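Colleague: give me a model of this one.
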Amino acid sequence: MIEKILTVSNRAGIHARPAAMLVQAIKDFTCTIYLEKDKNRIKAKSIMGVITLGAAYGSTIKVITDGEDEDQAMEVIVQLFESKFEEE
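Modeller: Residues are numbered from 1 along each chain as shown. You can find the predicted model right below:
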């Protein structure tokens, strides 16, 4: 299991488009992936779950990957956060 704390750095936060990008990027991984914010834990492969986190600019999100391809999944997620979901 891998856990990382990531910060939402795109100005609009994680709204519908970034949520869709995230879900699309991780859908084929077999590992379990969770996002946590303010004690709320959701499955990251659920677009509605990701949106309902309400992750605004500056929010910190704990990303948890657990399973066979957890390293690769975490890499993809970190890249999305670092690229500001290609919004800036």
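
Colleague: list every C-alpha atom in the longest helix along the chain, with coordinates, as CSV.
Modeller: In the chain, taking DSSP state H as the definition, the longest helix is helix 70-82. Extracted C-alpha coordinates of helix 70-82, given in CSV (Å, rounded to 0.1, in the frame of the first residue of the first chain):
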residue,chain,number,x,y,z
GLU,A,70,-0.1,0.4,-7.1
ASP,A,71,3.2,2.0,-8.1
GLN,A,72,2.1,2.7,-11.6
ALA,A,73,-1.3,4.0,-10.5
MET,A,74,0.3,6.4,-8.0
GLU,A,75,2.7,7.7,-10.7
VAL,A,76,-0.2,8.5,-13.0
ILE,A,77,-2.1,10.3,-10.3
VAL,A,78,0.9,12.3,-9.2
GLN,A,79,1.6,13.4,-12.8
LEU,A,80,-2.0,14.6,-13.1
PHE,A,81,-1.8,16.7,-9.9
GLU,A,82,1.7,18.1,-10.9
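
Colleague: buried ones in it, by neighbour count?
Modeller: Residues 70, 73-74, 77, 80-81 are the ones in helix 70-82 that count as buried (16 or more other CB atoms under 10 Å). (Each C-beta comes from the backbone N, C-alpha and C, glycine too.)

Colleague: what's the answer for stretch 37-48, then?
Modeller: For stretch 37-48, using 16+ other CB under 10 Å, the buried residues are 37, 42, 44-45.

Colleague: between these, which is nearest Ala12?
Modeller: When the buried residues of stretch 37-48 are ranked by distance to Ala12 (CB to CB), Lys37 comes first, at 16.1 Å.

Colleague: would you map the strands across the protein?
Modeller: 2-7, 32-37, 40-43, 60-66 (DSSP state E).

Colleague: elements contacting the first one?
Modeller: So that's strand 2-7. In terms of contacts (3 or more CB pairs under 8 Å, 6 or more residues apart in numbering; DSSP states H and E), strand 2-7 is packed against strand 60-66, helix 70-82.

Colleague: now the shortest one
Modeller: The helices and strands touching strand 40-43, judged by 3+ CB pairs under 8 Å, 6+ apart, are strand 32-37, helix 47-52.
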